[in-house]
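Participant: This is a predicted model, with the sequence first.
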Amino acid sequence: MKIPESELIINGDGSVFHLHIKPEELADTVVLFGDPDRVKMFEPLFEKIDAQGRNREFAFCTGWYHGKRITALSHGIGCDNIDIVATELDALANIDFKTREVKPEHKTLTMVRIGTCGAIQPEIPLGSFVLSQISVGCDGLMNWYADRDKIALPDFEEAFKKAVHWDRHLPDPYFVRASQKLIDLFQDCTVKGMTISASGFYGPQGRVVRQRLAMPNMLEEFEKFEYKGWKITNFEMEGSALAGIAAQLGHDAITVCCVIAHRYLKDANTDYKGGVQGLVKLVMDRLTN
């Protein structure tokens with residue numbers, strides 16, 4: 001079936017609409033960041049650079065690291081941006097841009113998001129790396145797609161909504177497991193995480209500035225929630241959308257974050273660049289060994 005031009009927009013130069021990446025410029029392994037400036041970290045790391053560019057918050061650089069071709073790509077902030085990024089990455093890999101038809105052979109991408117987060121549990125120290133083995137989407141994104149229950153954990157969802165007194169005006173949360181292949185690759189050097197992907201930085205993460213919260217006891221209830229040996233470990237803002245879309249489209253994806261704030265201890269580290277750089281090196285070495 002030919003995909004209409006209105007559904008998948010291809011730029012005049014043959015690149016995909018938002019990312020401005022051409023199919024031949026994308027590697028099978030993609031490392032993702034929120035901040036476009038973090039992509040610049042890769043320029044000195046790469047032995048050779050094949051392609052690079054930027055459109056809005058979407059900066060990319062494709063090159064070679066330890067003999068493996070990797071694309072570094074920024075996605076901006078929020079699950080809505082991940083809807084754009086993950087969908088367009090899949091299109092680059094699995095749709096023929098000339099015929100606008102799905103390719104007969106599916107290509108599986110490996111996508112690792114490197115981010116920063118706020119810890120919820122007291123035993124997780126600042127500077128540690130949390131691997132989101134399960135992501136909790138509070139944004140409602142996956143509820144827009146059919147068959148979301150096939151990639152979700154409905155028993156976790158029901159237990160969570162009951163335990164934290166989920167407000168009826170909020171979207172139904174969705175729980176999604178990351179790729180087991182990537183969990184196995186990183187679990188020995190990270191903290192086991194069940195991560196909230198919040199739909200904002202302030203109220204959706206329980207921060208109070210001038211507006212009152214719909215769920216004033218949210219942080220306490222998130223910290224106390226436990227189900228089947230899992231606890232909520234941290235907040236970030238994109239992992240659930242990446243895990244959910246990747247699972248539906250047949251890709252391997254996971255999020256790993258450096259803890260730069262501690263919500264339980266009310267502490268933060270604003271000088272965290274060294275920690276993120278260390279996490280980048282760890283991820284790159286694991287992906288290429």
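Facilitator: Looks like it arrived, so ask away.

Participant: now the helices: where do they sit in the stretch 1-150 of the chain?
Facilitator: In the stretch 1-150 of the chain, the helices defined using DSSP state H, counting those that start in this stretch lie at 42-45, 79-94.

Participant: Most tightly packed of those?
Facilitator: Of all the helices of the stretch 1-150 of the chain, helix 79-94 carries the top mean neighbour count, a mean of 22, counting by mean count of other C-beta atoms under 10 Å. In short, each C-beta sits where N, CA and C put it, glycine included.

Participant: what residues does that one touch?
Facilitator: Helix 79-94 has contacts (C-beta atoms under 8 Å, 6 or more residues apart in numbering) with 8, 16-19, 21-23, 26, 28, 30, 32, 57-58, 73, 75, 102-103, 106-107, 109, 111, 137, 139, 141, 197, 199, 237-238, 240-242, 245-246, 249, 251, 253.

Participant: for this protein, which residue is closest to the average position?
Facilitator: Nearest to the geometric centre of the chain sits Gly239, at 3.2 Å (C-alpha atoms, centre = their mean).

Participant: shouldn't that one be in contact with Gln133?
Facilitator: No: between Gly239 and Gln133 there is no contact under C-beta atoms under 8 Å: 10.3 Å.

Participant: Identify all contacting residues around stretch 51-68.
Facilitator: Contacts of stretch 51-68 (C-beta under 8 Å, 6+ apart): 18-22, 25-27, 29, 36, 39, 42-43, 45-50, 69-77, 81, 85, 284-285, 287-289.

Participant: Quick check: strands, which of those are part of them?
Facilitator: Thr29, Lys48, Ile49, Asp50, Arg69, Ile70, Thr71, Ala72, Leu73, Ser74 (DSSP state E).

Participant: Next, format the residues you listed as JSON lines and append distance to Trp166.
Facilitator: Below are the ones in strands among the contacts of stretch 51-68 laid out as JSON lines (distance: C-beta to C-beta, whole Å):
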{"residue": "Thr29", "distance to Trp166": "36"}
{"residue": "Lys48", "distance to Trp166": "50"}
{"residue": "Ile49", "distance to Trp166": "46"}
{"residue": "Asp50", "distance to Trp166": "46"}
{"residue": "Arg69", "distance to Trp166": "43"}
{"residue": "Ile70", "distance to Trp166": "39"}
{"residue": "Thr71", "distance to Trp166": "37"}
{"residue": "Ala72", "distance to Trp166": "36"}
{"residue": "Leu73", "distance to Trp166": "33"}
{"residue": "Ser74", "distance to Trp166": "32"}
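
Participant: Format those as JSON lines; extra columns: pLDDT.
Facilitator: Shown next, in JSON lines, are these (pLDDT from 0 to 100):
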{"residue": "Thr29", "pLDDT": "98"}
{"residue": "Lys48", "pLDDT": "96"}
{"residue": "Ile49", "pLDDT": "97"}
{"residue": "Asp50", "pLDDT": "96"}
{"residue": "Arg69", "pLDDT": "98"}
{"residue": "Ile70", "pLDDT": "98"}
{"residue": "Thr71", "pLDDT": "98"}
{"residue": "Ala72", "pLDDT": "98"}
{"residue": "Leu73", "pLDDT": "98"}
{"residue": "Ser74", "pLDDT": "98"}
